[in-house]
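Peer 1: got a sequence here, can you build the structure:
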Amino acid sequence: MIIEGLSPALQQLIKEDAVGQLRKPQGLMATLGNEEGALKLDSTDQAALNDIVRKIAHVKKLAQPSGEEASNPAFLRALLGDVMMVGVAMGMTSEEPITHLVWFTELLQQAGLRPAEHLLVMTLPGSYLDRFAEAQQAPSLPLQLDGGTGTGGRMSAPTTRVFLLPAALSLTRLSEEPGQLRTVLYRAWDEYDLALATEQPADHPFVQLAAALSDASLDGACRLLLSMPEGWQVLVPWIEQLMEESLGKGNKGIVVFSEQPLNRQASVSETGATLHVQVATGTAASQEGNAFVLSQPSLASQEPRNRLAALVASFLGWQLSMALYGYLQHITFAGQPAVENYKARARVLRDQEDPLQVTREWAARASDTDPSSGIPYSLFAPEGVEIQASPASTFARILQRTVTASSGYLSLGYLDLTINGELPTHSISVLDTALRSVGNELLGLPVKLRQAPAAYHSTEQSEMDGPPFLVSLRVLARDHEASILGSYTDTFLRAQAVSTWQAMMEQGRPCFLLIIDGSIDDALEPLQRFFSDVVAHLRRP
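Peer 2: You can find the predicted model right below:
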């Protein structure tokens with residue numbers, strides 16, 4: 001049956017009852033989505049731990065720990081006596097939470113506090129983290145309320161304890177009335193309206209969105225430039241992780257960006273395989289060209305419970321769009337197989353005296369010194385890249401060549417800058433401006449500014465195995481802030497930076513590692529100079 005006025009993708013979703021398949025344990029949708037078996041702290045940089053320690057001390061009106069006081073049992077008891085660390089891992093092989101819990105456990109032991117009373121673990125049965133909890137006799141809760149293991153981390157909201165626990169805690173600040181979370185979830189389920197998606201899919205906004213993305217795609221790949229209502233921009237990183245970690249496989253997928261102005265006069269700028277999505281609180285206007293308006297009136301509410309319900313409904317809606325896009329493009333949206341490569345490499349590097357030793361004899365490198373700060377830095381390129389006179393000229397040359405490598409995929413190009421470690425807040429806007437001047441203005445390409453290691457758990461699957469023809473620049477400072485409490489080194493952070501760079505190159509992706517001889521705080525001037533020189537090289541005829 002052909003329904004007049006509907007796009008090919010929407011026609012297919014209706015004809016094959018794709019939404020209805022979500023409720024069935026067998027069939028193509030079940031196969032593509034089978035995950036069976038499978039203060040926020042998501043950094044292995046000591047600076048992140050220090051920031052949390054300082055915040056706890058400030059709230060308790062304690063002196064900032066330093067010197068002998070940092071190991072004084074009485075001080076540690078005052079600081080940590082009512083603190084609990086919740087370790088979460090939604091993968092069997094996630095190891096970062098264990099490094100944080102080991103650090104915290106040692107502090108508790110110094111303070112004479114019983115670790116089992118200050119630790120809570122939520123993870124998969126039999127995972128690395130589950131084994132750690134058992135060894136420490138720490139309480140462990142299954143992520144799913146039914147004790148199952150079929151929910152991927154990027155889909156942990158709103159149906160697992162990863163979301164439900166903080167949501168419930170936040171509601172206790174509004175009222176002591178019982179049943180608040182249940183009411184919020186019922187309201188969100190009504191707004192999500194799976195019945196409408198099943199019975200009248202052409203009328204459901206998130207089914208329409210999935211079809212629009214599929215219609216805009218090229219060989220299964222699409223760029224999504226997303227504009228959110230005021231106050232909801234924080235949802236973009238979650239949508240980015242959901243789409244890229246789920247769908248970034250076999251050169252297919254959806255790459256998500258915040259909406260950004262692209263220079264349409266740039267020689268490599270293309271509008272194909274791109275969908276500009278505006279999430280609006282009003283009624284959706286008619287859809288034209290490569291633009292789509294997603295109407296979500298509930299996002300306009302300022303009442304806390306209503307906003308939480310709107311958030312839950314958004315989670316469910318975007319997950320529906322993701323699954324339907326995977327269905328249309330035959331992408332297995334369960335699992336993230338590509339990242340296991342870098343995890344295995346990182347384990348080997350952590351056992352070495354210095355995870356950076358592989359770079360010492362690396363032939364494809366270009367070095368320079370920032371004239372203002374006197375800080376040296378080196379760019380390590382994939383083997384076979386023609387090294388120019390400087391890091392900036394080498395990088396500019398590969399940009400010029402890569403973005404024109406295949407006319408069929410120009411619209412899929414983007415530029416990624418990944419900072420390993422905790423970037424000072426004031427530096428983010430400066431680097432974002434520098435990155436946009438290269439990508440948006442000179443090349444007409446969207447850009448990503450990522451912070452690792454968090455980014456490696458959200459979008460690395462897509463960078464390694466999703467839509468191709470990106471160029472990625474990874475930045476690592478040699479020196480890192482020492483931990484002000486306990487023992488925590490930068491070994492894990494260094495190993496992650498090198499292993500992800502190696503894994504990207506093995507996948508044939510143009511990935512560069514820029515190592516700066518100094519701290520991340522000192523890196524801003526060399527990075528500004530680097531991008532300024534890249535711009536100068538790109539502007540040359």
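
Peer 1: and the residue nearest the centre of the chain, how far is that from Leu169?
Peer 2: The chain has Ser458 as the residue nearest its centroid, 3.0 Å off, counting by Cα atoms, centre = their mean. Per Cβ to Cβ, to the nearest Å, Ser458 is found 24 Å from Leu169. Every C-beta, even on glycine, is put in place using the N, C-alpha and C of the backbone.

Peer 1: shouldn't the residue nearest to the centre of the chain be in contact with Met243?
Peer 2: No. If you go by Cβ atoms under 8 Å, Ser458 and Met243 don't touch, sitting 10.2 Å apart.

Peer 1: flag the shaky bits of the protein, pLDDT-wise.
Peer 2: 1-5, 22-42, 267-271, 284-287, 403-412 (pLDDT under 70).

Peer 1: for it, which segments are assigned as strands?
Peer 2: Using DSSP state E, the strands of the chain run over residues 85-89, 119-123, 140-142, 221-227, 253-258, 274-280, 291-295, 365-369, 376-380, 414-420, 447-452, 470-479, 511-519.

Peer 1: okay if I get the ones you listed as TSV plus mean neighbour count?
Peer 2: Formatted as TSV, these follow (neighbours: other Cβ atoms under 10 Å):
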stretch	mean neighbour count
strand 85-89	21
strand 119-123	23
strand 140-142	17
strand 221-227	23
strand 253-258	24
strand 274-280	20
strand 291-295	19
strand 365-369	17
strand 376-380	21
strand 414-420	24
strand 447-452	21
strand 470-479	23
strand 511-519	22
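
Peer 1: closest to Met155 out of the ones you listed?
Peer 2: strand 85-89 (14.0 Å; Cβ to Cβ).

Peer 1: what's next to the closest one, contact-wise?
Peer 2: 97-98, 100-101, 104, 118-124, 127-129, 132-133, 143, 162, 165 (Cβ atoms under 8 Å, 6 or more residues apart in numbering).

Peer 1: elements contacting the top helix by length along the chain?
Peer 2: Determined from DSSP state H, the single longest helix within the chain is helix 304-329. For helix 304-329, the helices and strands in contact under the criterion 3 or more Cβ pairs under 8 Å, 6 or more residues apart in numbering; DSSP states H and E are helix 8-15, helix 18-21, helix 28-32, helix 161-172, helix 180-192, helix 194-199, helix 205-216, helix 236-247.

Peer 1: with respect to Arg509, which of those helices lies nearest?
Peer 2: Closest of the helices and strands packed on helix 304-329 to Arg509 is helix 236-247, at 14.0 Å (criterion: Cβ to Cβ).

Peer 1: show me what the closest one is packed up against.
Peer 2: By 3+ Cβ pairs under 8 Å, 6+ apart, helix 236-247 packs against strand 221-227, strand 253-258, helix 304-329, helix 460-465.

Peer 1: neighbours of Trp189, how many?
Peer 2: Per other Cβ atoms under 10 Å, the neighbour tally for Trp189 reads 15.

Peer 1: and it, what does it touch?
Peer 2: Contacts of Trp189 by Cβ under 8 Å, 6+ apart are Ala313, Leu316.
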